[in-house]
Structures are given as structure tokens and as C-alpha cells.
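K.L.:
prediction below, plus the sequence it came from.
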Amino acid sequence: GKGNYAHFMQKEIFEQPAVIGDTLHSFINPATQAIKLPDMPFNIGEATRLTIVACGTSFYAGLVAKHWIERYAGLGVDVDVASEFRYRCPPLPKGGIALFISQSGETLDTLAALRYAKSKGQKILSIVNVAESTIARESDVVLQTFAGPEIGVASTKAFTTQLTVLACLAVTIGRENGTLSKEAEAAIVHALTELPKQAAEVLHHDEEIRQLALNIADARDVLYLGRGLGYPIAMEGALKLKEISYIHAEGYAAGEMKHGPIALIDQSVPIIVIAPSDELFEKTASNMQEAAARGGRVIFLSDAQGLATVGDIASATVELPKVADFVAPILYTIPVQMLAYHVAVHKGTDVDQPRNLAKSVTVE
Ligand code: M6R
């Protein structure tokens with residue numbers, strides 16, 4: 001049941017500190033603090049290329065993984081939505097690994113893409129939440145997210161646990177192919193183990209985010225901006241808002257604003273900016289300034305350092321804990337989930353069963 005929560009989605013958002021912890025515990029050896037994935041019938045350090053295929057929120061997890069794996073493990077990664085991938089007949093490289101990400105493990109397009117990749121000689125890896133699923137059964141190696149059953153149609157804890165597993169995968173590839181130093185690995189593992197506590201801190205902003213949501217509920221369009229690891233989180237935030245509140249929202253790479261979408265901005269458009277104080281911060285901050293100068297109502301998600309630098313440009317801010325760049329996308333997902341949730345509750349939509357949507361999409 002939902003316990004004391006009003007909706008499954010809310011319960012599932014609040015379960016994230018625990019299930020991120022459960023997922024980490026299954027991949028980090030507590031004695032050595034080393035990441036240990038299940039044994040694989042191939043050497044992942046010898047992969048020539050990684051092809052990631054998924055749908056919806058699971059696809060956005062793939063985009064975060066691309067950034068991690070290319071940057072920290074030096075392996076080239078392609079990411080596709082399954083419905084596009086399968087009809088393009090893409091050539092797949094010898095020695096390539098294909099990774100399928102799916103909460104349900106039953107998404108038809110993702111399954112069809114898996115079968116295609118298998119027919120092209122790829123080694124098949126999957127990340128699923130449902131261990132007994134078809135995608136899991138047809139994979140060479142399954143990495144499970146320990147999110148527990150996800151009932152709300154909007155994916156929340158499945159996404160953050162997918163990211164947790166993908167972080168462990170990126171570290172493993174980097175270690176096995178010699179790209180990631182021992183020190184860098186230790187720093188990432190440390191940052192990951194801090195996450196459950198920091199995620200719990202973010203949940204304390206619930207009432208503050210509920211208040212912010214009241215000012216978004218009557219918007220017609222909402223923009224989400226991020227750079228680097230923040231860009232997929234901007235898209236995920238926009239998808240959450242669309243599917244449960246029915247407000248039109250778009251996630252954009254902050255640097256793309258001036259190539260078109262900035263034309264949308266006026267006083268009526270809330271702009272959610274996802275910008276931890278990382279190496280890209282100043283660039284994102286200047287995009288935020290451009291948006292604010294055109295009358296956009298900026299809601300700025302950052303840490304104390306980021307807020308101290310440019311917080312006064314924003315019409316509202318949420319202060320998140322300062323975290324290592326690597327893990328920031330996991331943490332910054334939580335406030336965008338909460339924002340979408342509260343907007344939907346305020347609008348009175350069916351949060352757990354939004355119109356026109358199914359939890360598991362087993363048709364094309
Ligand atoms: O079960 P899967 O992860 O394969 O599902 C993929 C998408 O259908 C899913 O993430 C969908 O986009 C969610 N409703 C998003 O909240």
C-alpha cells in the first residue's frame with residue numbers, strides 16, 4: 001500500500017535514499033569499498049564500443065551513462081531510443097557490447113532492439129528492475145536495480161537506481177580498461193556512498209518545493225535547462241512534468257537556448273535551471289542571466305556556492321547539498337521529481353495513473 005503517502009509516486013520519491021543505498025550495497029563490497037559487478041562471460045574492459053538502447057526515462061539514464069562512460073572510462077557510447085534504433089538497422093561493431101535499460105524489462109521496442117543487437121553479435125547487458133522479466137531472461141548479464149516494485153506510472157526510484165548501477169558500470173569499465181586511476185575510483189565510490197544521506201537531505205525541501213509548484217501550476221509552457229550531466233536531468237524533469245501535470249515542458253541544453261528556444265521566453269514561462277557549481281557552472285549561469293534578462297521566471301537549483309554567486313538573478317532558488325560532479329545528476333533528479341509531483345497534485349490530475357499512459361508499454 002501507500003502507507004502514509006497520498007500517492008505511490010510520492011512514496012516512491014521518498015524511498016530513494018533507501019533504494020539507492022540497497023542498490024549500492026549490492027555492488028560495493030563493504031570490506032574493501034570496491035565496486036564488484038556480477039561475473040561476466042566477456043571482458044568488459046576489452047569492449048570496443050557500447051550501444052545503449054532504452055525508452056523514456058530509462059533513455060535519459062542512458063544519456064547520463066554516456067557522459068560518465070566516455071569521460072571516466074574513455075569508451076565511446078551511442079545512445080538511442082529503442083523505437084528509432086530498431087528500424088535504422090544500425091551497423092554494430094565487432095567486440096561491441098549493447099546495454100538495454102528498462103524498469104519493467106518488458107518494453108516491446110527495447111526487447112526488439114535487444115534481439116536485433118544479439119543477431120548482430122553484440123554481447124547483451126541489461127539493467128532491469130524486474131529480475132524475472134523477458135529482457136533479463138534474454139541478456140548475457142543482468143544488473144539489477146533494487147528499487148522494489150514501482151507502481152506510479154511516472155518513473156522515479158527506478159531512474160535514480162538505474163543511475164546508481166550505471167555509475168558502478170562506468171567505474172568498472174574504467175578500471176578494467178585502465179582509464180580510471182585508483183584514486184579517482186575511490187573518490188567516486190566515496191561520493192556514491194554519501195548519496196543516500198544527501199538524498200534524504202533533499203527530501204527535506206518538500207514543503208519549499210510545494211510552494212514553488214503553486215506558481216508553476218498555471219503555466220502553459222515550462223523550460224528546463226542544464227549542461228553536461230545536467231542536460232539529461234533537464235529532459236527528465238520536463239518529461240515528469242508533462243506526463244503527470246499535462247503542462248507542456250521541454251528540457252534543453254542550456255547552450256542551445258540562443259539557437260532557438262530563447263524566443264519562447266516571456267514573463268509567463270517558468271525556467272527551471274539545473275546547475276550544481278561544477279566546471280560548467282559559469283556557462284550555465286550566463287545562459288540563466290540571458291533568460292532572466294528576457295523576463296523569464298527562473299527557478300534555480302544549485303548548491304550554496306552557486307546560489308551565492310548568481311542566486312539573486314533567480315526568482316526562486318532551492319539549495320541542494322554540494323556534491324561531487326559525478327553524482328550530481330542523481331541528486332538533482334529528486335527536486336525535479338518533487339516539483340512535478342506537487343504541480344500535478346495542485347492541478348488535481350491523477351498522479352499515479354496519468355491519462356493515456358501505461359506503466360509498461362508492450363505494444364509498438
Ligand atoms: O519499463 P521501462 O523502463 O522500459 O519503461 C520505459 C518508459 O516507458 C518509461 O520510462 C516512461 O517514460 C515513464 N512513464 C517515464 O516516467
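P.N.:
Happy to help now that I have it.

K.L.:
got the residues of the chain near the ligand?
P.N.:
55-58, 102-104, 107, 110, 153-155, 239, 243, 360-361 (C-beta under 6 Å from any ligand atom). Heads up, the C-betas are built off the backbone N, CA and C, glycines and all.

K.L.:
which of the residues you listed tops the neighbour count?
P.N.:
When neighbours are counted by other C-beta atoms under 10 Å, residue 102 leads the residues of the chain next to the ligand with 32 neighbours.

K.L.:
rewinding a little: closest one to residue 117 out of the residues of the chain next to the ligand, please.
P.N.:
Relative to residue 117, the closest of those is residue 110; by C-beta to C-beta it sits at 10.6 Å.

K.L.:
residues contacting the closest one?
P.N.:
Residues counted as contacts of residue 110 (C-beta atoms under 8 Å, 6 or more residues apart in numbering) are 53-55, 58, 82, 100-102, 135.

K.L.:
likewise for residue 62?
P.N.:
For residue 62, the contact set (C-beta under 8 Å, 6+ apart) comprises 52-54, 79, 99, 101, 166.

K.L.:
now which of the residues you listed would you call buried?
P.N.:
The neighbour count (16 or more other C-beta atoms under 10 Å) marks 52-54, 79, 99, 101, 166 as buried among those.

K.L.:
pLDDT value on the closest residue to the ligand within the chain, please?
P.N.:
Nearest residue of the chain to the ligand (C-beta to the nearest ligand atom) works out as residue 56 at 1.9 Å. Model confidence at residue 56, given as pLDDT, is 98.

K.L.:
just checking, it touches residue 239?
P.N.:
Yes. Taking C-beta atoms under 8 Å as the contact criterion, residue 56 and residue 239 are neighbours in contact, 6.9 Å apart.

K.L.:
mind listing the strands for the stretch 1-150 of the chain?
P.N.:
Ranges of strands within the stretch 1-150 of the chain are 28-29, 34-35, 50-54, 77-81, 97-102, 123-128, 141-144, based on DSSP state E, counting those that start in this stretch.

K.L.:
contacts only, for residue 69.
P.N.:
By C-beta under 8 Å, 6+ apart, the contact set of residue 69 is 50, 75, 77, 169-170, 173-174.

K.L.:
relative to residue 21, how far out is the nearest residue to residue 54 once chain neighbours are set aside?
P.N.:
Nearest residue to residue 54 in three dimensions, chain neighbours excluded: residue 101, at 4.0 Å (C-beta to C-beta, 6 or more residues apart in numbering). Distance of residue 101 to residue 21, computed by C-beta to C-beta, to the nearest Å: 20 Å.
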